[in-house]
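Visitor: This is the structure alone, sequence omitted:
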Ligand SMILES: [Zn+2]
């Protein structure tokens, strides 16, 4: 069954990709937004990943600081995915863009919360 690429509703009529003009417009707007922000997304993604690696190395010398850096990096990572909810695997597309974004935002909030807790434990302990 074909589904709307934006909202994920099954397509019953002759539509090819989207259920209506509204969904098509929003999907195109999201794609343009994604095109414009890909570099920022990748930059923050690399910063977060580098931070996690640096924090892991640091943990061997100063466990508290290392843990804190990992926590901060997770916050960067989570914020990145929350503000720029890209990079979802193709398997997500059957859900539609809208639901994929919601799932990514929910997961990124969890990552941010974990990051805050880990940063507090690391720097505080
Ligand atoms: Zn739709």
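Guide: Arrived safely. Nothing here was measured: the structure is a model prediction, and the numbers come from that model.

Visitor: C-alpha from now on. contacts and neighbour counts both.
Guide: Will do.

Visitor: ok, now which ones touch residue 26?
Guide: Taking CA atoms under 8 Å, 6 or more residues apart in numbering, we find residue 26 in contact with residue 6.

Visitor: Helix or strand for it, just tell me which one.
Guide: Using DSSP states H and E, residue 26 falls within helix 21-61.

Visitor: Go ahead and flag the most central residue of the protein.
Guide: Closest residue to the average C-alpha location of the chain: residue 81 at 2.4 Å, with CA atoms, centre = their mean.

Visitor: tell me the SS of that residue?
Guide: Look at residue 81: counting by DSSP: H, G, I helix; E, B strand; the rest coil, its state is helix.

Visitor: quick one: it from the ion, how far?
Guide: Per CA to the ion, to the nearest Å, residue 81 is found 23 Å from the ion.

Visitor: Over to residue 19?
Guide: 4 Å.

Visitor: so that residue touches residue 2, yeah?
Guide: No. Residue 19 is not in contact with residue 2 according to CA atoms under 8 Å; the separation is 10.1 Å.

Visitor: okay, and the common contacts of these two?
Guide: residue 11.

Visitor: tell me which residues of stretch 71-90 are tucked away?
Guide: 71-82, 84-86 (16 or more other CA atoms under 10 Å).

Visitor: er, stretch 4-11 I mean
Guide: Quick answer for stretch 4-11 (16+ other CA under 10 Å): 4, 5, 6, 7, 8, 11.
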